[in-house]
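Q: Test case, fold it:
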Amino acid sequence: DWQPTEETVAVKSFTESFLSSGRFDAEYYQPKFDQSSNSLSQFESSQPLGKLAVLEKGRQARSESEDGHIPYASIKDVSGFLIETDETTNQPEESLIFAEPGTVALAITGATIGKTGINATDTNIAVSGDLVTIKPYFLPSQYLLIVLSSRMIQLLCERDVTGTTNGHLSINDVAKFPIPILDKEKVHLIADKVKQAILKREQSKQLLEIAKTGVERAIANNEATATVWINQQLEALGVKLT
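A: As a prediction, this is how the structure comes out:
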């Protein structure tokens with residue numbers, strides 16, 4: 001239920017402003033940004049993201065949806081906290097940056113800066129230059145996903161954007177984001193909840209496909225045949241309908 005202040009005026013000395021941040025634009029110093037940073041830094045165990053994970057900026061690659069063999073994702077393929085793509089590339093692997101299974105990606109270019117997603121597949125996905133991959137050292141990636149998606153971090157993304165026509169977020173600024181580290185039990189509880197949510201989402205997509213195909217089979221053959229097939233698919237998924 002955290003909400004930032006609506007106050008828009010900040011009074012700071014030259015030392016508190018330009019000398020510490022190098023920024024002259026007034027928008028950077030809005031009170032809501034300080035409030036966001038302070039909320040994240042209030043825990044003694046808070047640390048900059050760069051000390052908790054390896055950050056790598058992706059590399060632009062030519063996309064070939066039909067002929068490529070390496071899964072490839074750009075900013076448009078990050079949605080609903082997941083990295084999902086049908087695109088592929090034939091670029092040499094050594095020229096690419098990969099989001100390995102369990103790796104988080106954050107958008108750093110364009111209109112959707114701050115958008116986050118996790119590679120919940122068991123396949124490495126090459127990412128484009130508008131994304132930065134985040135591979136944590138010890139924190140569960142699902143926990144980092146939630147923190148980076150929080151209102152506080154999203155405000156810091158808004159604060160640190162540079163450029164006017166096409167905004168950009170520096171990987172160095174991303175590395176400075178303060179990450180609160182709760183006690184181990186809470187961290188893993190949050191991570192487990194996210195894992196379960198991702199599994200349930202995938203299961204719901206599978207159930208929808210089963211339902212659609214079942215209707216098609218009922219139309220093409222008969223309802224009894226379709227029902228048998230549907231029950232077989234549900235059993236394979238370990239799903240029981242009550």
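Q: Check the burial of the spatially closest residue to Ala53 that is not a sequence neighbour by counting its neighbours.
A: Nearest non-adjacent residue to Ala53, counting by CB to CB, 6 or more residues apart in numbering: Pro136, 4.3 Å away. For glycine as for every other residue, the C-beta is placed from the backbone atoms N, C-alpha and C. Residues near Pro136, counting by other CB atoms under 10 Å, number 19.
Q: Just confirm Pro136 contacts Leu55, I think it does.
A: No. Pro136 lies out of contact with Leu55 (CB atoms under 8 Å); the separation is 10.3 Å.
Q: quick one, strands of this structure?
A: Using DSSP state E, the strands assigned to the chain run over residues 47-48, 53-57, 70-73, 78-79, 81-83, 88-89, 98-99, 104-107, 116-118, 125-127, 131-136, 178-179.
Q: In CSV: these, plus distance to Gly238 and mean pLDDT.
A: CSV is the format used below for the strands of the chain (distance: least, CB to CB, whole Å; pLDDT from 0 to 100):
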stretch, distance to Gly238, mean pLDDT
strand 47-48, 40, 96
strand 53-57, 34, 97
strand 70-73, 27, 94
strand 78-79, 27, 92
strand 81-83, 22, 94
strand 88-89, 31, 92
strand 98-99, 29, 96
strand 104-107, 28, 97
strand 116-118, 24, 96
strand 125-127, 27, 96
strand 131-136, 30, 97
strand 178-179, 36, 96
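Q: Nearest to Leu40 among these would be which one?
A: Among these, the nearest to Leu40 by CB to CB is strand 178-179 (4.2 Å).
Q: the bottom helix or strand of the protein by mean pLDDT?
A: None of the helices or strands of the chain scores lower by mean pLDDT, DSSP states H and E than helix 18-21, at a mean of 72.
Q: Identify all contacting residues around that one.
A: Outside of helix 18-21, the residues within contact range by CB atoms under 8 Å, 6 or more residues apart in numbering are Phe24, Tyr28.
Q: Provide a list of residues in contact with Ala218.
A: Neighbouring residues of Ala218 by CB under 8 Å, 6+ apart: Thr225, Ala226, Thr227.
Q: ok, the second one touching Arg217?
A: Spelled out, it's Ala226. Yes. Ala226 sits in contact with Arg217 when judged by CB under 8 Å, with a separation of 4.0 Å.
Q: circling back: now, the contacts of Ala218 that are in helices?
A: Of the positions in the contacts of Ala218, Thr225, Ala226, Thr227 sit in helices, assigned by DSSP state H.
Q: Ranking by neighbours, what's the top pick from those?
A: Counting neighbours by other CB under 10 Å, Ala226 comes out on top of the ones in helices among the contacts of Ala218 with 18 neighbours.
Q: Distance-wise, check that residue relative to Phe138.
A: 49 Å (CB to CB, to the nearest Å).
Q: Gly50 against Ile179, yeah?
A: No. Counting by CB under 8 Å, Gly50 does not reach Ile179; the two are 9.6 Å apart.
Q: Looking at these two, which is more packed in?
A: Taking other CB under 10 Å, Gly50 and Ile179 do not tie; Ile179 has more neighbours (23 against 16).
Q: show me where pLDDT drops low in this structure?
A: 65-66, 241-242 (pLDDT under 70).
Q: Helices along that one, start to end?
A: Using DSSP H, helices in the chain cover 18-21, 31-41, 141-149, 151-160, 171-175, 184-220, 223-237.
Q: orientation of the last one relative to helix 184-220 in degrees?
A: Our comparison of helix 223-237 with helix 184-220, counting by axes from the mean of the first three to the mean of the last three CA atoms, to 10 degrees, yields an angle of 160 degrees.
Q: and helix 223-237, how far out from the chain's middle?
A: With CA atoms, centre = their mean, to the nearest Å as the basis, helix 223-237 stands 35 Å off its chain's centre.
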